[in-house]
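Student: what's the 3D shape of this:
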Amino acid sequence: MTNFNSWCCNLWRHAIAVFIVFISSSLVAYAEVPADIQTETWWQGGALDEGGELSVKRSSSDERAYRYLKLSNGIKVLLISDPDTDKAAASLNVNVGSFQNPLERDGLAHFLEHMLFLGTDKYPQAGAYQLFISEHGGRHNAYTSMEDTNYFFGIDAEYLFAALDRFSRFFVAPLFDEAYVDRERNAVDSEFRLKLKDDSRREWEVFGEQVSPTHPLSRFSVGNLETLADREDHSAREDLLAFYKKYYSAERMTLVVLGRETLEQLEEEVRSRFSAVPNNADSKTMDSGLAKADLAKADLVKPDLIKKDTVLTLQKPLPLELDIQPIKDQRTLSIVFPMPGVAKHWRTKPSVYWGHVLGDESEGSLIALLKKAGLANGLSAGLVFDTSQGAMFVIEMDLTPAGVSQKSQVLDSVFAWLNLAREQGLARWRFDELAKLQQTNFQFIEEYAPESYVHQLSPALRHYPPEEVLRGPFWLSEFDKQILADFVGRLRPDNAVVMLVAPEVKKTTRTSIRYGAPYLITPVDTETRSRWAVSVVKKLSLAPANPYIAKSYPLSDKGGASNEPVKLDSKMEATVWHYTDQQFGSPRGIFEARIASPEVHACANAARTDLYLAIVRDTLRTKTYQANLAGLGFSLYRWNNGIGITVNGYVERQQVLLDQVLNTMANPQWQAQSFVRLRDKLVRDWRNSRKEWPVKQLFAQLGPLVKGACDAIVLADALETVTIEDLQLFYKTIYKKGHARFYAGGVLSIEQALAMADATVSKLKVGENGDVALFEKVVQLPEKLTTGSVHVDHADHSVLLYIQGDEDTLGERANMAIINTILEAPFYTTMRTEKQLGYVVGTNIMHMNRVPGVGLYIQSPHSSVQQLEQYINEFLIGFEETLTSLNEVDLQRFKSALLANIEEKPHNVLEQAARHQESLYLGYDDFQFRKKLVEQVKVLSLGGLQEAYRRLFMDGSRRLWLVTSHVEPTQAVLKHDDLVATDAGIYSYPE
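Tutor: Below you'll find the predicted structure:
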């Protein structure tokens with residue numbers, strides 16, 4: 001798998017774009033691919049904007065208007081006007097991150113990110129910003145990376161300017177209140193402690209300890225109480241202020257704002273709010289936090305050795321091997337290649353090109369060979385990071401136990417693959433093919449959530465010329481053989497760090513400083529290095545030309561009214577729903593088969609079903625990898641009472657892909673080695689779930705208790721002894737007693753939908769006995785306190801309170817949803833900001849099928865389970881007074897926030913399909929689920945809300961407490977059957 005580090009790359013596999021040629025007066029138009037991939041007919045300039053400083057190149061299918069401008073203080077701004085959006089969003093990126101942490105202040109950049117949410121001059125109350133966003137249907141977040149800190153939010157569109165007023169003060173006049181400085185460093189410490197047993201953090205620290213101390217990657221980036229403590233000569237607050245003044249300067253900032261206002265209105269608002277951000281001329285030098293003066297003082301390096309675009313260097317000469325003991329039962333082999341940053345080569349994208357070549361999974365590829373030998377389960381290749389201080393390209397493999405024992409053979413194959421790529425991989429036709437894929441990605445890029453869009457664009461505005469900020473991440477226009485050859489030339493044995501993470505690592509000589517990971521570091525001997533340099537494996541071959549790239553694409557209408565799916569007349573007993581897209585002008589379609597079967601429900605059979613589907617997916621991977629690159633995808637999954645098959649993407653070859661999937665499902669390839677490899681991987685993954693964060697383990701137990709879903713350990717126990725003969729006898733029974741329901745949407749025609757449904761029934765022989773779909777069942781909790789305990793191997797304590805509705809009605813769902821909307825922000829502020837209980841704190845809507853519910857959760861490094869329960873109970877008691885004090889204006893505000901989320905328009909074909917499937921899943925065949933829920937929210941009265949809170953959260957409520965324990969249970973733990981045994985009853989639907 002190609003593992004790109006560019007923001008666009010989550011999209012590129014799913015989007016292929018072409019120049020649009022509409023056929024008039026037809027529901028379906030067609031598009032053709034330009035013969036010359038370098039033609040510029042597939043993008044357009046900013047014709048909709050005559051007031052910008054330059055023309056922003058956008059996709060010709062993108063009807064939004066863009067404007068780039070630069071404020072007088074130096075902030076680069078991209079404005080996006082979308083009159084049809086119901087959500088607005090903004091993101092501000094600051095070109096500063098953990099690489100700029102001062103020498104004695106590890107984690108300061110991250111700590112500062114936390115502090116900006118805790119009050120400004122104009123809005124001094126801690127949590128006021130979060131509350132405003134939450135009360136108006138929004139979401140917000142932030143992150144700190146190596147050289148960037150990014151802040152973003154989304155909100156109901158009419159409140160954009162009010163949100164910008166609050167948001168802008170982060171960068172003008174934050175308070176850095178002393179009281180919250182002391183409290184919030186506890187939150188940072190909690191975040192650090194939360195991931196003490198996170199294997200990825202442990203591996204990262206081990207690698208960092210090998211890096212030269214002159215490089216910021218050698219530093220601790222998160223921060224904790226020790227690194228953020230006050231010093232005798234200067235406090236943490238003083239260091240925060242100094243860091244903020246130095247780096248939070250306007251010329252380091254890029255801002256993206258999306259709203260439904262005109263570009264002129266957006267520009268006026270942005271200028272009025274963000275022109276006040278100070279510009280510190282001293283901040284222009286992008287030095288690392290190992291500042292020249294600090295380093296000279298520490299005798300680490302001479303100041304003149306710190307340069308931009310440096311190559312990451314390690315303390316010991318390369319190549320070397322790192323062997324690390326993990327917490328989980330996992331086995332990964334990573335070959336790490338340090339190199340200079342490559343961002344400046346964005347027109348050639350050498351990391352994307354070689355990630356594409358080396359990450360191939362089709363027949364003849366490295367991973368296909370290793371799978372056949374039973375040595376590996378998966379592979380990814382690509383940049384892990386790309387900074388001014390260097391970059392790192394990594395080939396990572398998920399090994400089997402056999403792969404660990406035969407590591408030498410695996411590495412010989414890896415370097416043979418690299419040698420082959422150097423010899424045969426640099427070809428113009430490969431570059432052109434990738435450019436064509438990327439070109440079409442951009443042409444038909446689909447819209448998605450505004451807050452996601454802006455927070456990806458704001459750092460892109462730093463990396464690309466302003467006019468290329470949209471197109472740049474996709475654009476391959478320069479086939480520069482020298483740049484491409486130089487890049488692959490660095491993927492050689494004498495520039496490699498080989499990292500093995502496996503339980504088989506027994507001999508270790510070191511332990512990482514903060515995360516306590518045992519490891520061993522050894523040099524690679526000359527003989528091995530020489531063998532790698534000339535390694536050849538004759539069975540390896542690079543990917544051929546992609547046969548799945550379509551030549552034309554049917555397009556749906558755009559801008560029409562949303563219609564509902566219709567039930568098609570079919571000769572089959574199965575139901576076929578069809579939806580014709582008239583909104584998005586997309587060439588994509590989606591087909592889903594949902595097969596209910598009584599054979600899947602029992603946990604032993606559920607485990608067998610998962611293994612059967614894993615074998616099918618694994619078999620199809622080599623056959624369909626290039627289809628995935630060309631914009632066609634499939635998924636196979638098990639749900640509580642059956643299995644699901646989904647095919648989506650461009651419709652020209654969708655039937656072909658479905659036939660491949662169905663043929664493999666009907667006649668799996670039964671290879672003993674693959675069977676054992678995949679069975680053991682499933683068992684390991686399920687058992688590893690017991691090593692997740694404590695709060696994750698609590699959430700994982702809720703489904704098995706309340707819905708009768710299968711616990712991961714039960715599945716693992718059931719599968720360990722299953723044989724290939726067992727599975728061969730079992731898998732056909734799924735379909736013999738099955739019943740299918742189909743959904744087809746997007747640009748798929750009625751004829752295509754019926755043909756695909758018929759193929760599914762006939763190839764899998766579904767429903768020979770005509771059994772109907774099974775009901776979904778949910779336990780109705782008793783009206784008394786119920787508690788379950790989960791044993792965890794983690795120092796933190798955690799609690800989860802699940803409160804279930806009294807009825808499975810839309811009215812009750814509305815009650816739960818509005819209560820959660822009102823309490824989520826104050827619960828977070830009280831438990832995390834004020835009481836500093838921990839980093840993981842929150843509330844969630846937790847509907848179980850049609851049964852409504854709310855969950856409240858806390859994970860704490862210092863408070864006991866009993867204390868956490870007490871804090872939650874006290875909050876809920878006090879919150880009754882909060883509801884009593886609400887007036888009608890308050891209620892309408894919260895209703896509007898909730899309705900904004902329920903009524904948020906889908907952004908693309910897949911999101912629209914998900915809405916339809918949501919209704920079908922919940923038993924609303926009229927597809928009016930959300931509309932009916934909206935009606936229930938609108939009629940909620942203040943008195944009715946207060947009564948519902950007392951009934952659901954106070955008086956005899958249906959509560960289930962799940963708590964962690966650090967000791968093995970001495971008595972039987974709570975199980976699903978224990979709840980079923982109560983006289984409370986069972987919900988089932990459809991009725």
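
Student: you'd agree residue 630 is up against residue 548?
Tutor: Yes: with contact defined as C-beta atoms under 8 Å, residue 630 counts as touching residue 548 (3.8 Å). C-beta coordinates here come from the backbone N, C-alpha and C atoms, glycine included.

Student: which residues do those two both contact?
Tutor: Listed contacts common to residue 630 and residue 548 are residue 653; contacts here mean C-beta atoms under 8 Å, 6 or more residues apart in numbering.

Student: looking at the two, which is more packed in?
Tutor: Counted by other C-beta atoms under 10 Å, residue 630 and residue 548 do not tie: residue 630 has more neighbours, with 25 against 20.

Student: just the C-alphas of stretch 156-169, formatted as CSV.
Tutor: Provided in CSV are the C-alpha atoms of stretch 156-169 (Å, rounded to 0.1, in the frame of the first residue of the first chain):
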residue,chain,number,x,y,z
ASP,A,156,-23.6,26.5,11.6
ALA,A,157,-23.1,28.8,8.7
GLU,A,158,-25.0,31.8,10.1
TYR,A,159,-22.6,32.0,13.1
LEU,A,160,-19.4,32.2,11.2
PHE,A,161,-18.6,35.8,11.9
ALA,A,162,-19.3,35.5,15.6
ALA,A,163,-17.0,32.4,15.8
LEU,A,164,-14.3,34.2,13.9
ASP,A,165,-14.4,37.0,16.4
ARG,A,166,-13.7,34.5,19.2
PHE,A,167,-11.2,32.5,17.2
SER,A,168,-9.2,35.5,16.0
ARG,A,169,-8.4,36.6,19.6
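
Student: got the contact list for it?
Tutor: 85-88, 90, 92, 120-123, 128-129, 132-133, 136-138, 151, 153, 155, 257, 259-261, 269-270, 273-274, 276-277, 896-897, 900.

Student: again with stretch 807-815
Tutor: 778, 805-806, 847, 849-852, 932-933, 936-937, 940, 944-945, 948, 952, 987, 989.

Student: quick check: residue 530 is in a helix.
Tutor: Yes: the assignment for residue 530 by DSSP: H, G, I helix; E, B strand; the rest coil puts it in a helix.

Student: lowest-confidence helix or strand of the protein?
Tutor: Least confident helix or strand, the chain: strand 19-21 with a mean of 20, by mean pLDDT, DSSP states H and E.

Student: rewinding a little: out of the contacts of stretch 156-169, which are buried?
Tutor: 85-88, 90, 92, 120, 123, 128-129, 132-133, 136-138, 151, 153, 155, 257, 259-261, 269-270, 273-274, 277, 896-897, 900 (16 or more other C-beta atoms under 10 Å).

Student: tell me which residues of the longest strand belonging to the chain come out buried.
Tutor: Ranked by residue count and defined by DSSP state E, the top strand of the chain is strand 376-387. Across strand 376-387, burial judged by 16+ other C-beta under 10 Å covers 376-383, 385-387.

Student: return the member of those nearest to residue 867.
Tutor: Nearest to residue 867 among the buried residues of strand 376-387, counting by C-beta to C-beta, is residue 385 at 39.8 Å.

Student: partner residues bridging the closest one?
Tutor: Residue 385 has these beta-bridge partners by DSSP bridges: residue 392.

Student: for residue 613, which non-adjacent residue is spatially closest?
Tutor: What sits nearest to residue 613 in space, not counting adjacent residues and going by C-beta to C-beta, 6 or more residues apart in numbering, is residue 636, at 4.6 Å.

Student: who touches the helix or strand hosting that neighbour?
Tutor: In the assignment (DSSP states H and E), residue 636 maps to strand 632-639. Under the criterion C-beta under 8 Å, 6+ apart, residues 13-14, 548, 594, 600, 606, 609-610, 613, 616-617, 620, 624, 627, 643-650, 653-654, 657-658, 661, 665 lie in contact with strand 632-639.
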